[in-house]
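Asks: can you look at this prediction? I've put the sequence above it.
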Amino acid sequence: MTDENDKPESVLEEAMDWLLRLNSSSSAAGLAAEFEQWLRQSEEHRKAWDRARKTWQIMGEVPPAYEHVWQTAPGSQERAEKAPQLATRMSNASRPARRWVQGVAAVAVVVLCLVGAWNYPAIRLRMEADYVTEVAESRTIKLSDGTTIELAAESAIKADVSGATRRVTLLRGEAYFDVYHDSSRPFVVDAGGIDVRVLGTAFNVQLSSASTSVELARGAVGISLEQAGPSDAMKLAPGEMVIVDRKSGKMLKSAIALEDIASWRDGRLFVNDATIGSVVEQLQRYNSAWIAIPDSSLATQRVTGLYDLRNPDRALRALVEPYGGNVREVSRFARVISRF
């Protein structure tokens, strides 16, 4: 039997397309018969359809219209008995083709608006940032003061090192800083309202949706909330890291092996007592496919481990499978993590 993951991606994409078409209230008459013809082409088509439906359900969507069409296997006696009823229902539900086209046009307008709204934060970030990287791309930047910054995948910074205080803002993602020593001009990294203040040192800063983490490789740094100021800073020594919950301000310090600091530079992701959801967020920066984890009980599980960034899909499976999770490849553009 063909393994589920060996199906051509085009069949899965067709299944998702059918799901959207059948779920539309403005579906044209005769669509169900066309769908049945597609469904009975092969066993792969039925498997792809089952996966598409499961994905739809775990994302919280309502049952698609015409669900009765696929409840029974193609060619079975039960569906044959339902055929007259189906024809009656489809006839009663049919709408003029012109209205259907108008509905599609309206949906297209909504989609375009949503795409614009979705992309607005990214557009604004690009306008604000001085340096940006794309998915799975890293970049080395040399600032005018002699500081070197290695920017991780899908990350962004803006920098101003011309004043009395040298300042870099981490707008998104992660970066490793090797700061040029200048005793007269402190160097400050702002990461989501968390200030990392140094004179000359090497450290990694990672910004997620809920927290900021700092790993110190060399020298000394002070970590403080932006409104608190340098005098209230937590001090780190080499081989230490801190995770700051930006909502509560709570700081959790722990030890880290020097070789694991900024391990992303070697294609590895090291996490210590992190939630699966936060690790998925980091892996997303190395995977061009959209990743969803709608199961909150799975997303809040805590993990410690080392994952291969050079193969983000394999890293995802290694992350969730020990906890009963599965990575469903809906298409080359989407991954859904669930327990079924």
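Replies: Yep, it's here. Residues are numbered from 1 along each chain as shown.
Asks: off-centre distance for the host helix or strand of V214?
Replies: Per DSSP states H and E, V214 falls inside strand 211-218. Offset of strand 211-218 from its chain centre (C-alpha atoms, centre = their mean, to the nearest Å): 22 Å.
Asks: who does that strand pair up with?
Replies: strand 202-207 (antiparallel), strand 240-245 (antiparallel) (DSSP bridges).
Asks: residues in contact with the very next helix or strand once past that strand?
Replies: Next along the chain after strand 211-218, taking DSSP H and E as the criterion, comes strand 221-225. By C-beta atoms under 8 Å, 6 or more residues apart in numbering, the residues outside strand 221-225 that reach it are 193-198, 201, 203, 214, 230, 232-236, 242, 244, 249, 251. Where you see a C-beta, it was placed from the backbone N, CA and C, and this is true even at glycine.
Asks: and those residues, which are buried?
Replies: Among the contacts of strand 221-225, the ones that count as buried by 16 or more other C-beta atoms under 10 Å are 194-198, 201, 203, 214, 233, 236, 242, 244, 251.
Asks: could I get the strands paired with strand 211-218 as a markdown table with mean pLDDT and distance to R285?
Replies: Listed next are these as a markdown table, based on pLDDT from 0 to 100; distance: least, C-beta to C-beta, whole Å:
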| stretch | mean pLDDT | distance to R285 |
| --- | --- | --- |
| strand 202-207 | 97 | 10 |
| strand 240-245 | 95 | 18 |
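Asks: pick the most deeply packed of those strands.
Replies: strand 202-207 (a mean of 24; mean count of other C-beta atoms under 10 Å).
Asks: between it and strand 221-225, how many degrees?
Replies: 20 degrees (axes from the mean of the first three to the mean of the last three C-alpha atoms, to 10 degrees).
Asks: can I get strand 202-207 in PDB? Just the C-alpha atoms.
Replies: Provided in PDB are the C-alpha atoms of strand 202-207 (Å, rounded to 0.1, in the frame of the first residue of the first chain):
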ATOM      1  CA  ALA A 202      29.800  38.500  22.500                       C
ATOM      2  CA  PHE A 203      26.200  37.300  23.100                       C
ATOM      3  CA  ASN A 204      23.100  36.000  21.300                       C
ATOM      4  CA  VAL A 205      19.600  37.600  21.500                       C
ATOM      5  CA  GLN A 206      16.400  35.800  20.500                       C
ATOM      6  CA  LEU A 207      13.000  37.500  20.200                       C
END
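Asks: how far does that strand sit from its chain's centre?
Replies: Here the centre of strand 202-207 is set off from its chain's centre by 20 Å, with C-alpha atoms, centre = their mean.
Asks: how about stretch 271-288?
Replies: Per C-alpha atoms, centre = their mean, the centroid offset for stretch 271-288 relative to its chain is 8 Å.
Asks: list the buried residues for it?
Replies: For stretch 271-288, a neighbour-count test (16+ other C-beta under 10 Å) marks 271-272, 274-287 as buried.
Asks: could you do stretch 224-233 as well?
Replies: In stretch 224-233, counting by 16+ other C-beta under 10 Å, buried: S224, L225, A233.
Asks: quick one, what contacts T201?
Replies: Taking C-beta under 8 Å, 6+ apart as the test, what T201 contacts is F177, V179, L216, A217, R218, G219, A220, V221.
Asks: nearest to R335, of the residues you listed?
Replies: F177 (31.6 Å; C-beta to C-beta).
Asks: name the helix or strand for the closest one, please.
Replies: Following DSSP H and E, one finds F177 within strand 166-178.
Asks: so how far is the helix or strand following that strand from its chain's centroid?
Replies: Next helix or strand after strand 166-178 toward the C-terminus (DSSP H and E): strand 187-191. Computed by C-alpha atoms, centre = their mean, the separation of strand 187-191 from the middle of its chain amounts to 25 Å.
Asks: next one: stretch 128-146
Replies: 21 Å.
Asks: now do the same end-to-end measure for it.
Replies: Stretch 128-146 has an end-to-end distance of 22 Å (criterion: C-alpha to C-alpha, to the nearest Å).
Asks: try stretch 130-144
Replies: 13 Å.
Asks: as a whole number, average confidence for that stretch?
Replies: Taken as a whole, stretch 130-144 has an average pLDDT of 96.
Asks: same question for it: list its buried residues.
Replies: Buried, per 16+ other C-beta under 10 Å, within stretch 130-144: Y131, V132, T133, S138, I141, L143.
Asks: show me what it is in contact with.
Replies: 125-126, 148-159, 161-162, 168, 173, 180, 264-265, 285-288, 312.
Asks: stretch 258-267 too?
Replies: Residues contacting stretch 258-267 (C-beta under 8 Å, 6+ apart): 138, 150, 152-153, 174, 176, 203-204, 215-217, 238-239, 241, 268-270, 306, 308-310.
Asks: next one: stretch 159-166
Replies: For stretch 159-166, using C-beta under 8 Å, 6+ apart, the contacting residues are 130-131, 143-145, 147, 149, 167-169, 182, 185-188.
Asks: what do you get for stretch 238-252?
Replies: Stretch 238-252 is contacted by residues 192-194, 210-219, 223, 225, 234, 236, 253-258, 261, 272 when judged by C-beta under 8 Å, 6+ apart.
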